[in-house]
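Chemist: Sharing a model prediction with you, sequence too.
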Amino acid sequence: ATCAYRAFPFRGYLPGAIAIIRRGRQFVVIDRSDGFGLAFPGGVGRRGEDPARTVLREVREETGLEIFSARLLFSFKDDSFYPAHTFVFAAEAGGQMRGSWEGAVTLASLDELRTRIIRSQQSVVQWLEREQMESPQVKDPGGG
(Lines give C-alpha, C1' and ligand atoms only; values in the text may rest on other atoms or scores of the structure.)
Protein backbone atom coordinates (compact mmCIF):
# COMPACT_ATOMS: atom_id res chain seq x y z
CA ALA A 1 0.00 0.00 0.00
CA THR A 2 1.21 3.49 -0.73
CA CYS A 3 0.80 6.42 1.56
CA ALA A 4 -0.59 9.76 0.40
CA TYR A 5 1.50 11.56 3.04
CA ARG A 6 4.57 11.17 0.83
CA ALA A 7 3.02 13.63 -1.63
CA PHE A 8 2.88 16.47 0.94
CA PRO A 9 5.25 19.31 0.05
CA PHE A 10 7.16 19.88 3.29
CA ARG A 11 10.70 19.75 4.58
CA GLY A 12 11.95 18.15 7.74
CA TYR A 13 9.97 16.03 10.14
CA LEU A 14 6.28 16.47 10.85
CA PRO A 15 5.71 16.71 14.60
CA GLY A 16 3.16 14.38 16.11
CA ALA A 17 2.17 12.78 19.39
CA ILE A 18 0.77 9.46 20.57
CA ALA A 19 -0.55 8.21 23.90
CA ILE A 20 0.13 4.99 25.75
CA ILE A 21 -3.09 4.45 27.68
CA ARG A 22 -3.08 1.34 29.86
CA ARG A 23 -6.12 -0.67 30.86
CA GLY A 24 -4.74 -3.26 33.25
CA ARG A 25 -2.26 -5.33 31.26
CA GLN A 26 -3.65 -4.09 27.94
CA PHE A 27 -3.33 -0.90 25.90
CA VAL A 28 -5.90 1.29 24.16
CA VAL A 29 -5.17 1.17 20.42
CA ILE A 30 -6.81 1.89 17.09
CA ASP A 31 -7.41 -1.02 14.71
CA ARG A 32 -6.78 1.12 11.66
CA SER A 33 -9.33 1.14 8.86
CA ASP A 34 -6.56 1.48 6.24
CA GLY A 35 -5.32 -2.05 6.95
CA PHE A 36 -1.92 -1.03 8.36
CA GLY A 37 -2.63 -2.72 11.71
CA LEU A 38 -2.86 -1.44 15.26
CA ALA A 39 -1.70 2.02 16.33
CA PHE A 40 -1.54 3.96 19.55
CA PRO A 41 -3.98 6.88 19.40
CA GLY A 42 -2.42 10.12 18.22
CA GLY A 43 -1.46 11.98 15.11
CA VAL A 44 0.20 14.90 13.41
CA GLY A 45 0.32 18.23 15.18
CA ARG A 46 -1.12 21.39 13.73
CA ARG A 47 1.26 24.20 12.79
CA GLY A 48 2.78 25.55 16.01
CA GLU A 49 0.81 23.16 18.23
CA ASP A 50 2.57 21.87 21.33
CA PRO A 51 2.82 18.03 21.32
CA ALA A 52 1.00 17.90 24.69
CA ARG A 53 -2.00 19.62 23.07
CA THR A 54 -1.72 17.41 19.99
CA VAL A 55 -2.04 14.24 22.05
CA LEU A 56 -5.10 15.59 23.93
CA ARG A 57 -6.85 16.53 20.68
CA GLU A 58 -5.95 13.40 18.74
CA VAL A 59 -6.92 10.98 21.51
CA ARG A 60 -10.31 12.70 21.84
CA GLU A 61 -10.86 12.62 18.05
CA GLU A 62 -9.80 8.99 17.59
CA THR A 63 -11.11 7.32 20.76
CA GLY A 64 -13.65 9.60 22.43
CA LEU A 65 -11.53 9.50 25.59
CA GLU A 66 -10.49 12.62 27.51
CA ILE A 67 -6.94 12.65 28.82
CA PHE A 68 -6.71 13.97 32.37
CA SER A 69 -3.02 13.21 32.91
CA ALA A 70 -0.18 13.00 30.39
CA ARG A 71 3.55 12.64 30.94
CA LEU A 72 6.15 12.81 28.16
CA LEU A 73 8.17 9.59 28.05
CA PHE A 74 10.38 10.02 24.99
CA SER A 75 10.35 11.02 21.34
CA PHE A 76 11.63 9.33 18.19
CA LYS A 77 12.03 9.98 14.49
CA ASP A 78 10.76 7.58 11.84
CA ASP A 79 10.55 7.62 8.04
CA SER A 80 8.31 4.57 7.48
CA PHE A 81 5.39 6.49 5.96
CA TYR A 82 6.61 10.10 6.05
CA PRO A 83 9.31 11.88 8.04
CA ALA A 84 7.79 12.12 11.53
CA HIS A 85 9.08 13.23 14.91
CA THR A 86 6.72 11.56 17.37
CA PHE A 87 6.38 12.48 21.04
CA VAL A 88 5.20 9.57 23.19
CA PHE A 89 3.13 10.26 26.30
CA ALA A 90 1.99 7.99 29.12
CA ALA A 91 -1.62 9.05 29.61
CA GLU A 92 -4.57 8.41 31.85
CA ALA A 93 -7.93 8.96 30.23
CA GLY A 94 -11.60 8.54 30.99
CA GLY A 95 -14.86 8.47 29.14
CA GLN A 96 -16.64 6.19 26.72
CA MET A 97 -14.46 4.64 24.01
CA ARG A 98 -15.74 5.07 20.46
CA GLY A 99 -14.08 4.69 17.09
CA SER A 100 -13.69 7.18 14.27
CA TRP A 101 -13.21 7.10 10.52
CA GLU A 102 -9.58 6.15 11.29
CA GLY A 103 -10.55 2.84 12.90
CA ALA A 104 -12.12 0.95 15.77
CA VAL A 105 -10.90 1.47 19.32
CA THR A 106 -9.85 -1.77 21.00
CA LEU A 107 -7.62 -3.13 23.74
CA ALA A 108 -4.47 -5.07 22.87
CA SER A 109 -1.92 -7.01 24.89
CA LEU A 110 1.81 -6.53 24.46
CA ASP A 111 1.89 -9.87 22.60
CA GLU A 112 -0.72 -8.59 20.12
CA LEU A 113 1.20 -5.33 19.68
CA ARG A 114 4.39 -7.24 18.84
CA THR A 115 2.75 -8.75 15.76
CA ARG A 116 0.18 -6.15 14.71
CA ILE A 117 1.55 -2.69 15.52
CA ILE A 118 1.96 -0.32 12.61
CA ARG A 119 5.55 -0.22 11.36
CA SER A 120 6.09 3.41 12.31
CA GLN A 121 5.34 2.63 15.99
CA GLN A 122 7.44 -0.50 16.43
CA SER A 123 9.97 1.43 18.51
CA VAL A 124 7.21 2.17 21.05
CA VAL A 125 6.53 -1.55 21.47
CA GLN A 126 10.28 -2.15 21.88
CA TRP A 127 10.32 0.53 24.60
CA LEU A 128 7.38 -1.20 26.35
CA GLU A 129 9.21 -4.54 26.18
CA ARG A 130 12.34 -3.03 27.76
CA GLU A 131 10.19 -1.36 30.43
CA GLN A 132 8.51 -4.68 31.21
CA MET A 133 11.88 -6.46 31.58
CA GLU A 134 13.29 -3.72 33.83
CA SER A 135 10.24 -3.41 36.11
CA PRO A 136 9.94 -5.93 38.92
CA GLN A 137 6.71 -7.86 38.71
CA VAL A 138 4.37 -7.00 41.56
CA LYS A 139 2.76 -10.11 42.97
CA ASP A 140 -0.86 -10.09 44.03
CA PRO A 141 -0.92 -10.65 47.80
CA GLY A 142 -4.15 -12.57 47.27
CA GLY A 143 -2.21 -15.27 45.42
CA GLY A 144 -3.25 -14.24 41.90
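Modeler: Thanks, I have it.
Chemist: Next, count neighbours for residue 48.
Modeler: Residues near residue 48, counting by other C-beta atoms under 10 Å, number 7. For every residue, glycine as well, the C-beta is placed using N, CA and C.
Chemist: Now it. Its backbone dihedrals?
Modeler: In terms of degrees, to the nearest 10, the main-chain angles of residue 48 are phi 80, psi 0.
Chemist: likewise residue 93?
Modeler: The phi/psi pair for residue 93 (degrees, to the nearest 10) is phi -140, psi 150.
Chemist: mind checking how far the residue lying closest to it once chain neighbours are set aside is from residue 132?
Modeler: In this structure, residue 93 finds its nearest non-sequential neighbour in residue 65, 3.9 Å apart by C-beta to C-beta, 6 or more residues apart in numbering. According to C-beta to C-beta, to the nearest Å, residue 65 and residue 132 sit 23 Å apart.
Chemist: So between the two, which is more surrounded?
Modeler: residue 65 (21 against 11).
Chemist: Pretty sure the more buried one sits against residue 30.
Modeler: No - assessed by C-beta atoms under 8 Å, residue 65 is found out of contact with residue 30, at 11.5 Å.
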